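Undergrad: can't give you the sequence, but here's the structure:
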């Protein structure tokens, strides 16, 4: 197999990650013409188109394979950086832009338990990039080779990857006390959930409807929803009386305890099982990420 130019591979990755040639050129500190030339040379070497010139730009199947290979090279460089720092502890490192180690984590985990888990690694100058998506879709980032690991609800491991169960995140339905008193004086039931607005994360988010369906044994659930693409923002919107929301108990249990929010369905909760998937490679960096996340999950999630 021919050796691929690392600069050309990073050029391909920059185009995909930045969403265009101009921004890729800015990131790599080269001209846009140089970006195009590197991509054409790589496509000529592979014998296949690597980028679909659509909006947004997308990698072809061949491009995704090379993108995954580039991420693996970054992981090897990150491993080397960690080993060298152990020999010379005074070094700061930090990683350049093209050396980022990317993982995909759902927003609810970021807002509750995942960031503290990763703090020590970041303070040790691991050049980490966290990509956020709905927990049902973070798997696709790993499948496409754009990240080296992900927190997801999907149990089945991809080929070449390993999976570890993390535990379950418990979700409860909350509202501002005044909003609940006005709209749900007897609490949330199978008969009045259509009378209130639900604050959801985005259109991918089916947490609200899944909670209602499982709590009350309903097959089809149609909700009046507003969308706030942030877990913290959802809670803020509930406190501003935009509606009620189904959110991680980890995030709101103190607010419920102090009376700032009320659990409108105290007899019901929705546990969502989470899993850590990552490439099945020998890597100190990958092992450190896995250990940090599984340790924190063991402490914070249900088992």
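TA: Sure thing, it's come through. What you are looking at is a predicted structure, and each value in this text was computed from that prediction instead of being measured.

Undergrad: Would you state the strands of the stretch 51-200 of the chain in chain order?
TA: 51-52, 58-59, 101-106, 128-133, 149-152, 161-175, 197-200 (DSSP state E, counting those that start in this stretch).

Undergrad: any chance of the ones you listed in a markdown table, plus mean neighbour count and distance to residue 287?
TA: All C-beta atoms are positioned from the backbone trio N, CA, C, and that covers glycine. As requested, these are exported to a markdown table (neighbours: other Cβ atoms under 10 Å; distance: least, Cβ to Cβ, whole Å):
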| stretch | mean neighbour count | distance to residue 287 |
| --- | --- | --- |
| strand 51-52 | 15 | 33 |
| strand 58-59 | 18 | 28 |
| strand 101-106 | 24 | 13 |
| strand 128-133 | 16 | 15 |
| strand 149-152 | 26 | 11 |
| strand 161-175 | 21 | 11 |
| strand 197-200 | 22 | 36 |
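
Undergrad: Including mean pLDDT and distance to residue 66, could these go into CSV?
TA: Shown next, in CSV, are those (pLDDT from 0 to 100; distance: least, Cβ to Cβ, whole Å):
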stretch, mean pLDDT, distance to residue 66
strand 51-52, 87, 10
strand 58-59, 86, 8
strand 101-106, 91, 16
strand 128-133, 90, 19
strand 149-152, 93, 19
strand 161-175, 96, 18
strand 197-200, 97, 36
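
Undergrad: any chance of the ones you listed in a markdown table, plus distance to residue 115?
TA: A markdown table is the format used below for these (distance: least, Cβ to Cβ, whole Å):
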| stretch | distance to residue 115 |
| --- | --- |
| strand 51-52 | 33 |
| strand 58-59 | 29 |
| strand 101-106 | 9 |
| strand 128-133 | 8 |
| strand 149-152 | 12 |
| strand 161-175 | 14 |
| strand 197-200 | 22 |
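
Undergrad: Pretty sure residue 292 sits against residue 115.
TA: No. Contact between residue 292 and residue 115 fails when scored by Cβ atoms under 8 Å: they sit 10.8 Å apart.

Undergrad: Neighbour count for these two, which is higher?
TA: Using other Cβ atoms under 10 Å, the more surrounded residue of residue 292 and residue 115 is residue 292, with 18 against 14.

Undergrad: Residue 278 versus residue 300, what's the distance?
TA: 19 Å (Cβ to Cβ, to the nearest Å).

Undergrad: Tell me the buried residues in stretch 210-225?
TA: 211, 212, 215, 221, 223, 225 (16 or more other Cβ atoms under 10 Å).

Undergrad: end-to-end on it?
TA: End-to-end span of stretch 210-225 (Cα to Cα, to the nearest Å): 13 Å.

Undergrad: pLDDT of that stretch, averaged?
TA: Stretch 210-225 carries an average pLDDT of 94.

Undergrad: So what's the residue count around the closest residue to residue 132 other than its chain neighbours?
TA: Take residue 132 and drop its neighbours on the chain: the residue closest to it by Cβ to Cβ, 6 or more residues apart in numbering is residue 107, 5.0 Å away. By other Cβ under 10 Å, the residues close to residue 107 number 23.

Undergrad: check contacts around residue 107.
TA: For residue 107, the contact set (Cβ atoms under 8 Å, 6 or more residues apart in numbering) comprises 132, 133, 134, 201, 229, 230, 231.

Undergrad: any idea how far the first one is from residue 110?
TA: Noted for residue 132: a distance of 6 Å to residue 110, by Cβ to Cβ.

Undergrad: Only the buried residues of the one helix or strand in the chain whose mean pLDDT sits lowest, if you could.
TA: In the chain, no helix or strand scores lower on mean pLDDT, DSSP states H and E than helix 61-87, which sits at a mean of 78. Neighbour counts over helix 61-87 (16+ other Cβ under 10 Å) mark 62-64, 66-68, 70-71, 73-75, 77-79, 81-82 as buried.

Undergrad: picking up where we left off before, quick check on residue 300 and residue 278: which one has the bigger neighbour count.
TA: residue 278 (24 against 18).
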